[in-house]
Each structure stands twice: as C-alpha cells, then as structure tokens.
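In: Take this sequence and fold it.
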Amino acid sequence: MKMHSQYSERLWLWFFPRRCVWCAGVCEPEAMLCADCAGAAGPMLEAELLPETGIPLVSVFTYYSKARKILLNFKFHGQKKNAHSIGYAMADALSVSGFADKPGWLFCAVPMTSAKVRERGYNQSELLAAAAARWLGMEPAPGLLLKTRETRAQHGLPREERLENIAGAFAAADPDLIRGRQIVLCDDICTTGATLREAARVLKEAGAEEIICLTYLRTDLSEIEEGNFSI
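Out: Got it, this is the predicted structure:
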C-alpha cells in the first residue's frame with residue numbers, strides 16, 4: 001500500500017499507536033490485528049458488487065465478526081482514536097483489491113445532517129474516509145455530499161422501509177467538484193446497501209466518472225438480496 005512519508009507515519013504512531021481492528025489492543029505498526037486476534041480473523045472479504053448497481057463494494061470484515069465491537073465503540077462511544085486504525089484497514093482492503101492502483105480518487109463520506117453531527121460530535125464515516133485517504137496518499141473530499149433531511153435510523157428497519165427512508169435524502173454540494181471524477185464512497189457499515197445506493201445515485205447524476213464503495217463491515221450480500229438479514 002502506498003503510505004505517507006515514513007517520518008510522518010512514525011510521528012503519527014508515536015501519538016496514536018496502531019490498534020487491533022478487532023479488540024483495540026496495541027499491535028505492530030504494519031499490522032491490522034494483534035497476535036492474539038490474527039489467527040482467528042481469517043482472510044479479508046473479497047470485493048463484490050453493490051446489489052442493483054454494478055458498483056464495486058470493498059469491505060474488510062463481516063458485520064457478524066468480532067470486528068463489530070471496535071466499530072460500535074468508535075461510532076457510539078466516542079472512541080474517535082480508533083478511526084486511525086480502522087481507516088488503515090479500509091485502505092489496505094482497497095489496495096489489495098487493486099482499485100487503489102489508479103491515482104486521483106476522491107474519498108467521499110456518506111453525510112449526516114449538521115444536527116446529527118452536533119449530537120454525536122463527529123461523522124464517523126467522514127473520519128474513516130479521511131483516514132483511509134491519508135494512508136493511500138489520496139484526497140479526502142469532506143462536504144462533497146449533503147444530507148438534506150433527517151431520516152430514521154436504518155438500524156432495525158425492514159429492507160423496503162430502509163429504501164423509502166433514505167430516498168431523496170442526499171444532494172451534491174457542488175456538481176462541478178464531482179463531474180468527471182473517480183470517487184471512493186465511504187461508510188462504516190453496509191447492511192442492505194440502501195444508503196450507499198442512494199448516495200451513489202446522487203454522485204452519478206452529478207457526473208461522477210467512476211464510483212467504488214468502501215466500508216469497514218458488511219453483511220452477507222446474498223442474504224441482503226434474499227431479504228434474510230437481521231441487523
């Protein structure tokens with residue numbers, strides 16, 4: 001993987017040691033998992049296509065793996081420091097998939113409303129997009145998409161209600177910044193894919209040349225397509 005300079009990496013790791021993306025314990029500088037977790041993790045997920053879109057989806061681990069704990073602590077319990085290590089894992093997955101070989105990708109996060117950001121204190125997907133972009137020496141693009149209205153939490157909603165809930169909730173901040181660009185659309189989790197599909201649709205309509213979706217966790221896409229999932 002193409003990394004930032006060795007000096008800046010050493011400096012960053014001095015203040016923010018690499019954390020295991022399963023248990024959050026300290027691990028080796030070039031590792032994603034500590035020695036205790038490495039044997040149990042198995043291989044990273046292979047890239048698949050986001051249902052109904054033909055857009056590649058790159059994820060690191062399944063939603064039902066031990067990796068879920070570190071993400072939930074990062075997302076809901078203020079552990080922002082874990083964005084550094086989770087973003088590294090996402091960057092590595094993108095690199096291994098071969099999609100990071102071309103330069104010039106913009107890393108765009110699924111947006112939240114300003115009210116939701118104030119409530120949580122941060123947009124977790126934006127932190128992950130910035131971290132992954134930094135590790136690959138590419139360009140984060142915060143604010144490329146806007147969330148135009150508050151929606152119910154997708155968690156727990158049936159598939160059809162998720163689609164209805166998120167429809168029309170995103171807009172391009174400035175289509176001129178999107179037109180003709182290659183964009184990595186980042187989110188923390190892909191469950192049914194409804195959120196990513198809606199955000200990707202807006203990017204496509206604004207003129208994005210190519211889109212890849214990148215998440216830390218995802219459910220089994222075959223179960224999503226059959227409607228057999230429980231999140």
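
In: mind checking the SS state of Ser59?
Out: Following DSSP: H, G, I helix; E, B strand; the rest coil, the label given to Ser59 is strand.

In: and it, how many neighbours?
Out: By other CB atoms under 10 Å, 27 other residues sit near Ser59. Any C-beta I mention is one placed from the backbone N, CA and C, and that applies to glycine too.

In: What of Glu46?
Out: 10.

In: In space, what's closest to it - neighbours in sequence excluded?
Out: Ser97 (7.9 Å; CB to CB, 6 or more residues apart in numbering).

In: Verify the stated contact: the one you found with Ser59.
Out: No - applying CB atoms under 8 Å, one finds Ser97 not in contact with Ser59, separated by 9.9 Å.

In: pLDDT (mean, whole number) over stretch 125-140?
Out: The average pLDDT for stretch 125-140 rounds to 93.

In: any idea how far Gly137 lies from Pro103?
Out: Gly137 is 9 Å from Pro103, where distance means CB to CB, to the nearest Å.

In: what's the answer for Leu94, then?
Out: The value you get for Leu94 to Pro103, if CB to CB is used, is 13 Å.

In: The two: which is more packed in?
Out: Leu94 (29 against 11).

In: Pull out the buried positions in whichever helix in the chain runs longest.
Out: Taking DSSP state H as the criterion, the chain has its longest helix at helix 83-97. By neighbour count on 16 or more other CB atoms under 10 Å, the buried set for helix 83-97 is 83-97.

In: repeat for stretch 64-84
Out: Buried-residue list, stretch 64-84, by 16+ other CB under 10 Å: Lys66, Ala67, Arg68, Ile70, Leu71, Phe74, Lys75, Asn82, Ala83, His84.

In: what's the offset of that stretch from the middle of its chain?
Out: 12 Å (CA atoms, centre = their mean, to the nearest Å).

In: Residues contacting that stretch, please?
Out: The contact list for stretch 64-84 (CB atoms under 8 Å, 6 or more residues apart in numbering) reads 12, 16, 18-24, 37, 40-41, 60-61, 86, 121-122, 124, 127-128, 130-131, 188-189, 216-217, 219.

In: are any of the residues you listed buried, and which?
Out: Looks like the contacts of stretch 64-84 have 18-22, 24, 37, 41, 60-61, 86, 124, 127-128, 130-131, 188-189, 216-217, 219 buried, using 16+ other CB under 10 Å.

In: Please flag which of those sit within helices.
Out: Using DSSP H, those in helices are Cys37, Ala41, Ile86, Gln124, Leu127, Leu128, Ala130, Ala131.
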